[in-house]
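Asker: Sharing a model prediction with you, sequence too.
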Amino acid sequence: MQWLGKGRLNQALEHMRVLEIVEPVDKENGEHEYQFSHQLLQEAAYLSCPRDVRVKLHQQVVTLIEERFPVWISRHPGDFATHLRRSGHYARGARYFELAAREALKVSANRTALRMADFGLASLRHVEHEIEREVSLLTVRGQAAFSLEGHGSPTAHESFVRARELLRESGTDSLEDPEDLEQIFLVKWGLWVGRSQRYAHADAFALASTLADIASRLEDPRYRRLADYARANCEYWAGRIQQAHDHLDEIDPLNAPMMIEWLPFSDHPQVSAACFQGWALCLRGDYQRAERQVSAAIRLAEKIAHPGTLALALLFAAALYRQLGHVHLAARHAERAAAMTGTPDLQLWQISAQSILGWQRALAGDTTGLAQLRDSLDQMAELNGRDRYQRPVLWYSDACIELGELNAAEDYLDQCLVIARERTTLFLPELATQLAKVRDLLGHPANEVKALAEMAISQSREHGNRHQELAALELWLTRIEPNDQQAKESFRQLLSEVSHSDAPVLPAGLACWIVVCRGR
């Protein structure tokens, strides 16, 4: 504003102050500073300027910031990117929009991250030959969408598919140039996350294999650990507990660094791997170590200070304690997760936490807890658009059984089991056991109940799922064939192999053991 002159500028400012267009801002150093009294007034003043004047103003702001306030750029990259874009520096603007998106993602400001990524992609429409930047922005956009819509997010899928197409069109997806490998890994990682959560096992395993191939060509060992985790994760969701357990033990996520600084994430891969390791330990019957593992994963998440990752660790722990029969510990972790996820950015975790709290109330005999669970199921289906039977919410079937809503439990479990059998998922043994119990209570023919229990036992044994094998054998010996000597011996042997803790699930198993022994 040097062309205006200080006197005329002060006169104009005073006139606008009298008209309440601007208002003074108190500054400790005594400098005079003004701001518009309302956002709409600022917008109206801005839009009243000719476009060339606006462009020149933004150019002056960019120069002023770079010369006098360079530190401000790193603190407010999104605002600086806006000035760059409006001054015609589209490529530079896209770079700072990406930086802003990445910074937002690090603190779970997921909506801001998605918006910044979209602004960056919009800026690139004005320039050519920026494929690397576009791919990078698409991967950040995809991870932000995972955080907002879940790992089955169509927005994320669209982003990573587009990134893969750009790499193919540019000829940089051949795995020959070492400089391109890191970005190819990042895109394949995003595609793998989406596939693994949709139970597209063949595609997920294929992508995990590709990640391993890329990682073998990179010097940094963290890429190999991420690829190994991708394979173990696939094995886990496919129900191959023994293999997942062994591979996660080899990775040792609590102690071996896995995070690549420039890899954007919806939840921290190292914490996720530690959580899955805890679950694998539980399903292998190593209960004491499983409890220690999830506690350590929570501490690691607290150290990383990423809200979405901490919510993930807390809810993983809650789900583990459900398996172990610790209702109060499951609820305690859900309460903590609910308290920290009350923002739109973390809505998915909030819904999950509320469903667990509804489960706790239902187990205490409160029917409003079941209503709360049903509401959570509706919200989740509306938010992520996924079939509610694809990923069973066993909190819901627990609540239905506890409150005597056996027909509702049967209908839900039956539809979930159909999908689980088609895709051979992790949940198959537990679904079969729960459905067998419900149908026995409803008085279904004994052969139906027996077939489900046999399926649960067979699947558990095939994949080394000792925890669910114990549950299925307990059902078999208490409700189906109490005098089955072979089953009794298997139950005794299995119960002697698992690590005992104070978990209520084990006292229940021991009580069943006493019944079995008396029936000899």
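Answerer: Received the coordinates, thanks. Residues are numbered from 1 along each chain as shown.
Asker: Only the buried residues of stretch 485-505, if you could.
Answerer: Neighbour-count burial for stretch 485-505 flags 487-488, 490-491, 494-495, 498, 501, 503, 505 (criterion: 16 or more other CB atoms under 10 Å). Yep, even glycine has a C-beta here, placed from its N, CA and C like the rest.
Asker: Keep only those of these that are in strands.
Answerer: Secondary-structure check on the buried residues of stretch 485-505 using DSSP state E: no residue lies within strands.
Asker: In CSV, list those along with pLDDT and distance to Met258.
Answerer: Putting the buried residues of stretch 485-505 into CSV (pLDDT from 0 to 100; distance: CB to CB, whole Å) gives the following:
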residue, pLDDT, distance to Met258
Ala487, 93, 42
Lys488, 92, 44
Ser490, 93, 38
Phe491, 91, 38
Leu494, 90, 33
Leu495, 86, 35
Val498, 85, 29
Ser501, 71, 28
Ala503, 69, 29
Val505, 65, 31
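Asker: Now Glu23: phi and psi?
Answerer: phi -140, psi 150 (degrees, to the nearest 10).
Asker: Show the subsequent helix or strand relative to the helix or strand where Glu302 lies.
Answerer: Using DSSP states H and E, Glu302 maps to helix 287-304. Of the helices and strands lying after helix 287-304 in sequence (DSSP H and E), the nearest is helix 307-324.
Asker: So which residues make contact with the helix or strand just after that following helix?
Answerer: Of the helices and strands lying after helix 307-324 in sequence (DSSP H and E), the nearest is helix 327-340. Helix 327-340 is contacted by residues 307, 310-311, 314-315, 317-319, 321-322, 346, 349-350, 352-354, 356-357, 359-360, 363 when judged by CB atoms under 8 Å, 6 or more residues apart in numbering.
Asker: phi, psi of Phe185?
Answerer: Torsion angles, degrees, to the nearest 10, at Phe185: phi -60, psi -40.
Asker: is it true that it touches Leu211?
Answerer: Yes - the pair Phe185 / Leu211 is scored as a contact, 6.4 Å apart, by CB atoms under 8 Å.
Asker: Need the overlap of contacts for these two.
Answerer: Tyr223.
Asker: if we can go back for a sec, the helix holding Glu302 vs helix 307-324, what angle?
Answerer: Angle, helix 287-304 to helix 307-324, by axes from the mean of the first three to the mean of the last three CA atoms, to 10 degrees: 170 degrees.
Asker: Send over helix 287-304 as PDB, restricted to the C-alpha atoms.
Answerer: Provided in PDB are the C-alpha atoms of helix 287-304 (Å, rounded to 0.1, in the frame of the first residue of the first chain):
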ATOM      1  CA  TYR A 287      -3.700 -64.700  27.100                       C
ATOM      2  CA  GLN A 288      -1.200 -63.200  29.500                       C
ATOM      3  CA  ARG A 289       1.000 -61.900  26.700                       C
ATOM      4  CA  ALA A 290      -2.000 -60.700  24.700                       C
ATOM      5  CA  GLU A 291      -3.100 -58.400  27.600                       C
ATOM      6  CA  ARG A 292       0.500 -57.100  28.000                       C
ATOM      7  CA  GLN A 293       0.700 -56.600  24.200                       C
ATOM      8  CA  VAL A 294      -2.400 -54.400  23.900                       C
ATOM      9  CA  SER A 295      -1.400 -52.300  26.900                       C
ATOM     10  CA  ALA A 296       2.000 -51.700  25.300                       C
ATOM     11  CA  ALA A 297       0.300 -50.800  22.000                       C
ATOM     12  CA  ILE A 298      -1.800 -48.200  23.800                       C
ATOM     13  CA  ARG A 299       1.400 -46.700  25.300                       C
ATOM     14  CA  LEU A 300       3.000 -46.700  21.900                       C
ATOM     15  CA  ALA A 301       0.000 -44.900  20.500                       C
ATOM     16  CA  GLU A 302       0.100 -42.300  23.300                       C
ATOM     17  CA  LYS A 303       3.800 -41.700  22.500                       C
ATOM     18  CA  ILE A 304       3.000 -41.100  18.800                       C
END
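Asker: where do the helices sit along the stretch 151-300 of the chain?
Answerer: For the stretch 151-300 of the chain, applying DSSP state H, counting those that start in this stretch gives helices covering 154-170, 178-197, 201-216, 221-237, 241-251, 269-283, 287-304.
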